[in-house]
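> Return atomic coordinates for the entry below.
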Amino acid sequence: MVVPYKNQSKGKKEQVADMFNSISHKYDFLNHLLSGGIDIIWRKKAIKLLKNKGIKTMLDIATGTGDFAIEALKIKPEKITGVDISEGMLAFGKEKIKKMGVDHIIHLQKGDSEKLPFSDNNFDAVIVSFGVRNFENLEKGLRDMFRVTKPGGYCLVLEFSNPRHFPMKQLYAFYSRFILPLLGRLISKDPAAYTYLPESVQAFPDGPNFIEKFETAGFQAAQWIPMTGGICSIYFGQKAKK
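The predicted structure is shown next:
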């Protein structure tokens, strides 16, 4: 199992929370800088898949500072609930949402992605961006996402993936191994955070392997949509109607 701090005895979940607490003050800036701003485009493309599907209630898991939830406002849901294990990230997210004047639609709260504090069949859509690879137990997290999705509802996952073809495969390997950790260390002051990121992407069961886990959790008609040469992927599925 890939963890942020290899010399600690804490579990992955606790280490991930500590890591995001330590970089929360620079998270949004670093996200946009290290991706060249293309993470904004990825979110837009992902959320468009939920357009015109009658989504009224949404759950954004591993919401961080709320960027995916904010993008989801474009499909005009009545309520979005965001959960995260990092209090530092949530604090920045709540402030951002309050300044935008959308805190009557988006509500952020602390919550464990593998033990969601919601009843069964609760949300029209469950979404998560750049968070599932941080789950301590991926299969358990996906099963709980399925549990809280309403019959006929949707699950949308946006996550980093490993490019499979030349030249993006070689370019991304160089960038993630040398450039990304250097910039992350200089700006965030937490070298482990941006060493962990490429390591966690490398270890993540992306593409067809993730689709298999996605379907095993219960989601049907699962799609895998690679973007930007395979650096990022959208996974999209639906819970069967009763």
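
> Which residues lie in contact with residue 219 in this structure?
Residue 219 is in contact with 142, 146, 155, 237, 238, 239, counting by Cβ atoms under 8 Å, 6 or more residues apart in numbering. No exception for glycine: its C-beta is placed from N, CA and C like everyone else's.

> let's go with 7 Å and repeat that
Taking Cβ atoms under 7 Å, 6 or more residues apart in numbering, we find residue 219 in contact with 146, 155, 237, 238, 239.

> Could you check how far it is from residue 156?
Distance, residue 219 to residue 156, by Cβ to Cβ, to the nearest Å: 10 Å.

> Over to residue 61?
Residue 61 is 10 Å from residue 156, where distance means Cβ to Cβ.

> distance between stretch 74-93 and the chain's centre?
Its chain's average C-alpha position is 12 Å from that of stretch 74-93, according to Cα atoms, centre = their mean, to the nearest Å.

> Could you list the buried residues of that stretch?
75, 77, 80-86, 88-90, 92-93 (16 or more other Cβ atoms under 10 Å).

> Only alpha carbons, please: show stretch 24-33 as PDB.
Extracted in PDB, the C-alpha atoms of stretch 24-33 (Å, rounded to 0.1, in the frame of the first residue of the first chain):
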ATOM      1  CA  SER A  24      -4.400  22.800   2.300                       C
ATOM      2  CA  HIS A  25      -3.300  26.500   2.300                       C
ATOM      3  CA  LYS A  26      -1.600  25.900  -1.100                       C
ATOM      4  CA  TYR A  27      -3.700  23.100  -2.600                       C
ATOM      5  CA  ASP A  28      -5.800  25.100  -5.100                       C
ATOM      6  CA  PHE A  29      -2.800  27.000  -6.400                       C
ATOM      7  CA  LEU A  30      -0.600  23.900  -6.700                       C
ATOM      8  CA  ASN A  31      -3.400  21.900  -8.400                       C
ATOM      9  CA  HIS A  32      -3.800  24.500 -11.200                       C
ATOM     10  CA  LEU A  33       0.000  25.200 -11.400                       C
END
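
> Can you give the distance from that stretch to the centre of its chain?
15 Å.

> contacts for that stretch?
For stretch 24-33, using Cβ under 7 Å, 6+ apart, the contacting residues are 39, 40, 64, 65, 86, 88, 89, 92, 184, 187, 188.

> and the two most separated of those?
The most widely separated members of the contacts of stretch 24-33, counting by Cβ to Cβ, are 40 and 88 (22.0 Å).

> Much appreciated, bye for now.
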